[in-house]
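J.: Fold the stuff below for me.
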Amino acid sequence: MRVDALVRGKVIFAGGTTFEYVLESSPATVKPEAHISNNVLTVRIPESEIQQWSTSEQVSISAEQNLDGGGYLTILIEKDFACLTPRDGEDESDMFPNPTQGN
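T.: Predicted coordinates:
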């Protein structure tokens with residue numbers, strides 16, 4: 001099974017504890033799903049859904065994942081748009097163009 005990591009990040013807390021997150025796409029994934037293991041949150045989205053989302057005006061992908069023992073987890077992935085006003089120290093090189101830019 002081919003899996004592509006689209007976004008990967010890490011938050012470092014005081015004391016050296018880290019929390020990592022990964023957004024992946026896979027042609028074998030049927031619906032959005034999330035898993036956490038060893039302080040790494042992995043959200044996997046079907047490849048076709050990621051392609052549609054990333055190449056359209058669609059802003060978010062949302063889903064509910066059933067949990068063992070009942071209940072559900074709400075999954076929400078949203079595009080990160082470039083700011084309309086530049087901010088010092090902000091790297092916007094990998095953000096989506098702001099849809100209101102130029103208005």
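
J.: May I have the strands that pair with the helix or strand bottoming out on mean pLDDT in the chain, each with its orientation?
T.: Averaged element by element with mean pLDDT, DSSP states H and E, the chain has its least confident helix or strand at strand 4-12 (a mean of 84). Partner strands and pairing direction for strand 4-12 (DSSP bridges) are strand 18-26 (antiparallel).

J.: Please list the residues outside the partner strand that contact it.
T.: In this structure, residues lying in contact with strand 18-26 by Cβ atoms under 8 Å, 6 or more residues apart in numbering are 1-13, 39-47, 49-51, 77. Glycine gets a C-beta too; all of them are placed from N, C-alpha and C.

J.: Can you say which of those residues are buried?
T.: Neighbour-count burial (16 or more other Cβ atoms under 10 Å) applied to the contacts of strand 18-26 gives Thr42, Val43, Arg44, Ile45, Pro46, Glu47, Glu49, Ile50, Ile77.

J.: who touches Asn39 in this structure?
T.: Asn39 neighbours (Cβ under 8 Å, 6+ apart): Thr17, Thr18, Phe19, Glu20.

J.: Check the contact between Thr42 and Ile36; I expect there is one.
T.: Yes: at 7.4 Å, Thr42 and Ile36 qualify as touching, with contact defined as Cβ atoms under 8 Å.

J.: For this structure, which segments are assigned as helices?
T.: Under the criterion DSSP state H, the chain contains helices at 47-54.

J.: now the strands for it?
T.: 4-12, 18-26, 33-37, 40-46, 60-66, 72-78 (DSSP state E).

J.: Would you mind giving those strands as a markdown table with distance to Arg87 added?
T.: Written out in a markdown table, the entries for the strands of the chain read as follows (distance: least, Cβ to Cβ, whole Å):
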| stretch | distance to Arg87 |
| --- | --- |
| strand 4-12 | 19 |
| strand 18-26 | 22 |
| strand 33-37 | 30 |
| strand 40-46 | 26 |
| strand 60-66 | 23 |
| strand 72-78 | 19 |
